[in-house]
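1. What follows is a protein structure lacking sequence information:
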């Protein structure tokens, strides 16, 4: 996915992924400005769920998509159509039962609760590593975890997208300095 925050209009117009995603969602594309618009009755999905691996690279992929939507059709986020899938990061096998955990905090809690018991922990490298049966937890509304992407402060969101996804490096460095202590609890 192209980082549209720092791409030229010419690059965006030639980017097959952007055009394909827009068409797949049922959005109208203004070829000159690359702005997108949607009409509720033409939108192909009631929920647009972004799925990626549960690691930092997966988070970056999601952020590229959110940047694309925010820059070209923010109404999809504002109107509540955009969600992020929270895939499991760990697979626990205990007593022939499989348990999925979304992150390090859940794994630590599981270990505390099951002291002295035998189980196997596998860190899932990505969605592609999951078996066909396992991927049902990603699509089954009863099992999956999705989070709606919301914005409370439009000007603040514009600034964050520009600071973190734009061409200038100083705002990124400042953000990292200010927030790196939170990275331990990222997932």
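-> Okay, I see it. Given the structure is predicted, the values throughout are model-derived calculations rather than measurements. Numbering: from 1, shown residues only.

2. Can you pull the domain assignment for this structure?
-> Per the record's domain assignment (automatic domain parsing), the chain is made up of the domains 9-85+147-185, 90-123.

3. Just name the most buried of those domains.
-> The densest packing among those, expressed as mean neighbour count by mean count of other C-beta atoms under 10 Å, is seen in domain 9-85+147-185 with a mean of 14. The C-beta positions use only the backbone N, C-alpha and C, and glycine is treated the same way.

4. From what I see, residue 3 and residue 67 are in contact.
-> Yes: assessed by C-beta atoms under 8 Å, residue 3 is found in contact with residue 67 at 6.5 Å.

5. And the domains of the chain, which one averages the lowest pLDDT?
-> Confidence, taken as mean pLDDT, is least for domain 9-85+147-185 of the domains of the chain (a mean of 87).

6. How far off centre is that domain?
-> Taking C-alpha atoms, centre = their mean, to the nearest Å, the mean C-alpha location of domain 9-85+147-185 is offset from the chain mean by 9 Å.

7. who's in contact with the closest residue to residue 13 other than its chain neighbours?
-> The spatial neighbour of residue 13 that comes closest, neighbours along the chain excluded (C-beta to C-beta, 6 or more residues apart in numbering), is residue 34 at 6.1 Å. Contacts of residue 34 were listed using C-beta atoms under 8 Å, 6 or more residues apart in numbering, and they are 9, 12, 13, 18, 72.

8. Look up how far residue 97 lies from the last one.
-> So that's residue 72. The span separating residue 72 from residue 97 equals 45 Å under the rule C-beta to C-beta, to the nearest Å.

9. swap in the fourth one?
-> Computed as C-beta to C-beta, the residue 18 to residue 97 distance reads 43 Å.

10. Tell me which helix or strand the residue nearest the centre of the chain sits in.
-> Centroid check for the chain by C-alpha atoms, centre = their mean gives residue 62 as the closest residue, at 3.2 Å. Using DSSP states H and E, residue 62 sits within helix 56-72.

11. Check the secondary structure at the residue of the chain positioned farthest from its centre for me.
-> In terms of distance from the mean C-alpha position of the chain, residue 116 ranks first, at 35.8 Å (C-alpha atoms, centre = their mean). Per DSSP: H, G, I helix; E, B strand; the rest coil, the local secondary structure of residue 116 is coil.
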